[in-house]
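Colleague: structure for the following, please:
(one chain, ligands or ions: 2)
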Amino acid sequence: MDPRRPVNDCFALPPGVDWTPVADALAALKASVATVTGTEEVGIENALGRVLAKDVTARIDQPPAANAAVDGYAFAHESYLQEPLRVVDGRAAAGAPYPRALRPGEALRILTGALLPKGADTVMLDEDARREGALLHGPTGLKPGVNRRRAAENAEKGAVALGAGARLTPQALAHAAAAGLSRLPVRRRLRVGLLSTGDEIREPGAALAPGQIHDANRPMLTGLVRAWGCAPVDLGVAPDNAAAVRAALDAGAAGADVILASGGASAGDEDWLSRLLGAEGSRAIWRIAMKPGRPLALGRWRGAPVFGLPGNPVAAFTCALIFARPALLAMGGAGWAEPAAETRPAAFARRRKAGRREYLRARLDADGRVEVFANEGSGLTRGLVWAEGFVDLPDDGPDVAIGDPVAWLPFSAFGL
Ligand SMILES: Nc1nc2c(c(=O)[nH]1)N[C@H]1C(S)=C(S)[C@@H](COP(=O)(O)OP(=O)(O)OC[C@H]3O[C@@H](n4cnc5c(N)ncnc54)[C@H](O)[C@@H]3O)O[C@H]1N2
Ligand code: MOO
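Modeller: Ligands and ions are numbered 1, 2, ... in the order given. Presented below is the predicted three-dimensional model:
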């Protein structure tokens with residue numbers, strides 16, 4: 001079986017469905033995608049942003065032994081109850097342990113991170129200590145074991161330190177290193193082919209003849225897939241003809257695990273992507289009950305899943321975040337993930353149409369209320385720059401009045 005093949009053989013929804021609700025499309029998509037990337041091992045210095053391929057266990061106890069959490073004095077708590085303590089000569093510092101055990105009644109100057117000497121279980125904070133020559137006084141009620149870091153309290157040798165599917169964030173790298181790991185098993189980066197279609201589409205900066213426009217989608221989609229930890233594979237621009245689109249899809253199926261195409265997703269005369277997927281691949285065209293981003297074609301070309309995103313940049317962006325992102329994460333081994341919305345008051349009023357989910361470009365005003373971009377045109381990339389997230393208005397939601405609670409989805413919830 002081709003490893004790129006989704007679990008189910010077809011993306012198709014049950015027959016008779018016309019406008020597909022977003023939640024249904026997501027559920028069908030989720031059921032049809034599986035992890036497709038192989039694994040490799042990388043050094044920790046190259047592991048940022050990668051997805052852990054399997055559970056990794058700590059190679060050492062961390063900390064390896066009990067040590068001081070603060071600068072101060074170490075002693076046995078039992079002795080402390082019969083104060084004052086006698087401070088011994090010498091000290092313990094991080095990396096320079098005290099060479100002998102403490103006897104009852106003795107205290108030792110100790111610095112943060114230093115191993116606790118044998119005979120000590122408690123550390124008094126410098127700021128609480130009162131010295132009279134070699135005698136040490138401290139506060140009453142000091143609890144046994146305070147300011148001590150236990151052996152293995154951070155990681156226990158042999159126990160799972162990071163779980164399969166974890167994204168290797170800077171935080172995760174810190175924990176891996178602390179747990180004694182220097183090489184990590186990761187998923188190979190998912191290769192995502194990026195294709196723009198349309199006779200009118202030209203490379204950024206190219207001279208334009210009448211009717212032509214610059215390709216805004218490929219730079220955007222390249223940035224998105226990079227942000228999601230995938231490796232972009234540039235498939236260029238295919239004009240509106242069968243041979244060109246077929247050649248681009250062939251290149252994508254050969255060199256990528258999945259293809260994100262934009263334009264030609266609907267069923268128009270020049271919508272070759274959709275037509276070819278139907279005739280020579282396998283295809284489901286979804287008319288999604290959402291705004292923006294109505295047409296979304298899904299299919300496979302020579303085994304490679306193909307997302308046919310709508311051509312309008314705002315719709316392509318929205319569909320990429322809502323549909324492509326969770327699928328790419330799942331294919332890349334990080335697991336299906338949909339963002340969680342936060343509730344915020346609306347700074348806008350809006351009449352709603354039944355049966356259509358809306359993702360409006362939005363941002364928070366100075367009072368933390370959600371405001372929306374004034375112009376809903378699906379070609380307006382400037383609105384994408386203005387926005388810091390979406391307001392997610394439900395399929396059959398009520399009209400929105402100023403101050404009503406609405407679902408706010410910051411772009412950061414999509415890993416951006
Ligand atoms: N009769 C209907 N017409 C349209 C419908 C519909 O339901 N019935 N849906 C509209 C909606 S909504 C959208 S979105 C578009 C999507 O159509 P396609 O995916 O087939 O996209 P195109 O027609 O190729 O392009 C639409 C628009 O976007 C521009 N475009 C395309 N690619 C790029 C790119 N890489 N960079 C910048 N801009 C791009 C293209 O020039 C068009 O202006 O269909 C509506 N029509
Ligand atoms: O998907 Mo279209 O851009 O909603 O307008």
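Colleague: mean pLDDT per helix and strand in this protein: which one sits at the bottom?
Modeller: Across the helices and strands of the chain, mean pLDDT, DSSP states H and E gives its lowest value to strand 282-288, namely a mean of 78.
Colleague: mind listing what's buried along that strand?
Modeller: Buried residues in strand 282-288, counted by 16 or more other CB atoms under 10 Å: S282, R283, A284, I285, W286, I288. Bear in mind the C-beta positions are built from the backbone N, C-alpha and C, glycine included.
Colleague: how about the residues of the stretch 51-200 of the chain by ligand 1?
Modeller: Counting by CB under 6 Å from any ligand atom, the stretch 51-200 of the chain comes close to ligand 1 at S196, G198, E200.
Colleague: which helices and strands does the least confident helix or strand of the chain pack with?
Modeller: Packing partners of strand 282-288 (3 or more CB pairs under 8 Å, 6 or more residues apart in numbering; DSSP states H and E): strand 19-20, helix 22-32, helix 272-280, strand 295-301.
Colleague: any idea which of those is most buried?
Modeller: Most buried of the helices and strands packed on strand 282-288 by mean neighbour count (mean count of other CB atoms under 10 Å) is strand 295-301; its value is a mean of 25.
Colleague: and the residue in the stretch 1-150 of the chain that ligand 1 sits nearest to, bridged to which residues?
Modeller: Closest contact between the stretch 1-150 of the chain and ligand 1, by CB to the nearest ligand atom, is at W19 (10.6 Å). For W19, the beta-bridge partners under DSSP bridges are R287.
Colleague: ok, it - contacts?
Modeller: R287, I288, A289, G355, R356 (CB atoms under 8 Å, 6 or more residues apart in numbering).
Colleague: pretty sure the first one contacts P295?
Modeller: Yes. The pair R287 and P295 qualifies as a contact (CB atoms under 8 Å) at a distance of 6.3 Å.
Colleague: ok, the residue lying farthest from the centre of the chain to S378 distance?
Modeller: For the chain, the residue at maximal distance from the C-alpha centroid (CA atoms, centre = their mean) is G133, at 56.4 Å. As defined by CB to CB, to the nearest Å, G133 lies at a distance of 80 Å from S378.
Colleague: rewinding a little: so can I have JSON lines of the buried residues of strand 282-288 showing distance to I110?
Modeller: Formatted as JSON lines, the buried residues of strand 282-288 follow (distance: CB to CB, whole Å):
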{"residue": "S282", "distance to I110": "69"}
{"residue": "R283", "distance to I110": "70"}
{"residue": "A284", "distance to I110": "67"}
{"residue": "I285", "distance to I110": "70"}
{"residue": "W286", "distance to I110": "66"}
{"residue": "I288", "distance to I110": "64"}
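Colleague: which of these sits closest to G415?
Modeller: I288 (21.6 Å; CB to CB).
Colleague: remind me which helix or strand L328 belongs to.
Modeller: Per DSSP states H and E, L328 falls inside helix 325-331.
Colleague: average model confidence for that helix?
Modeller: Averaged over helix 325-331, pLDDT sits at 97.
Colleague: which of the residues of the stretch 51-200 of the chain next to ligand 1 sits closest to ligand 1?
Modeller: Proximity of these to ligand 1 (CB to the nearest ligand atom) peaks at S196, which lies at 3.8 Å.
Colleague: sheet partners, orientation included, of the helix or strand containing the closest one?
Modeller: Using DSSP H and E, S196 falls within strand 191-197. In the sheet, strand 191-197 lines up against strand 231-238 (parallel), strand 258-262 (parallel) (DSSP bridges).
Colleague: poorly predicted segments of the chain, please.
Modeller: 1-17, 285 (pLDDT under 70).
Colleague: using the record's domain definitions, break the chain down for me.
Modeller: The chain is divided into the following domains under automatic domain parsing: 22-38+188-331, 40-58+165-187, 67-149, 342-414.
Colleague: tell me which of these is the most buried.
Modeller: Using mean count of other CB under 10 Å, domain 22-38+188-331 ranks as the most buried of the domains of the chain, with a mean of 20.
Colleague: want to try CSV for the strands paired with strand 191-197, with distance to A341 as columns?
Modeller: What follows is these, written out as CSV (distance: least, CB to CB, whole Å):
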stretch, distance to A341
strand 231-238, 28
strand 258-262, 24
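Colleague: nearest to ligand 1, of the ones you listed?
Modeller: The nearest among the strands paired with strand 191-197, by CB to the nearest ligand atom, is strand 258-262 at 5.2 Å.
Colleague: contacting residues for L142?
Modeller: So L142 contacts H77, Y80, T122, M124, D128 (CB under 8 Å, 6+ apart).
Colleague: what of G205?
Modeller: Applying CB under 8 Å, 6+ apart, the residues near G205 are H214.
Colleague: over to the one 10 residues further on?
Modeller: Neighbour list for D215: S196, I201, R202, E203, P204, V237 [criterion: CB under 8 Å, 6+ apart].
Colleague: hmm, back to that, okay if I get the helices and strands packed on strand 282-288 as TSV plus distance to ligand 2?
Modeller: What follows is the helices and strands packed on strand 282-288, written out as TSV (distance: least, CB to the nearest ligand atom, whole Å):
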stretch	distance to ligand 2
strand 19-20	13
helix 22-32	13
helix 272-280	14
strand 295-301	6
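Colleague: let me have the domains of the chain in a markdown table, extended by distance to K157.
Modeller: Below are the domains of the chain laid out as a markdown table (distance: least, CB to CB, whole Å):
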| stretch | distance to K157 |
| --- | --- |
| domain 22-38+188-331 | 29 |
| domain 40-58+165-187 | 5 |
| domain 67-149 | 16 |
| domain 342-414 | 36 |
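Colleague: let me see the ranges of the helices in this protein.
Modeller: Under the criterion DSSP state H, helices of the chain are mapped to 22-32, 77-80, 170-178, 217-227, 242-255, 272-280, 313-319, 325-331, 381-386.
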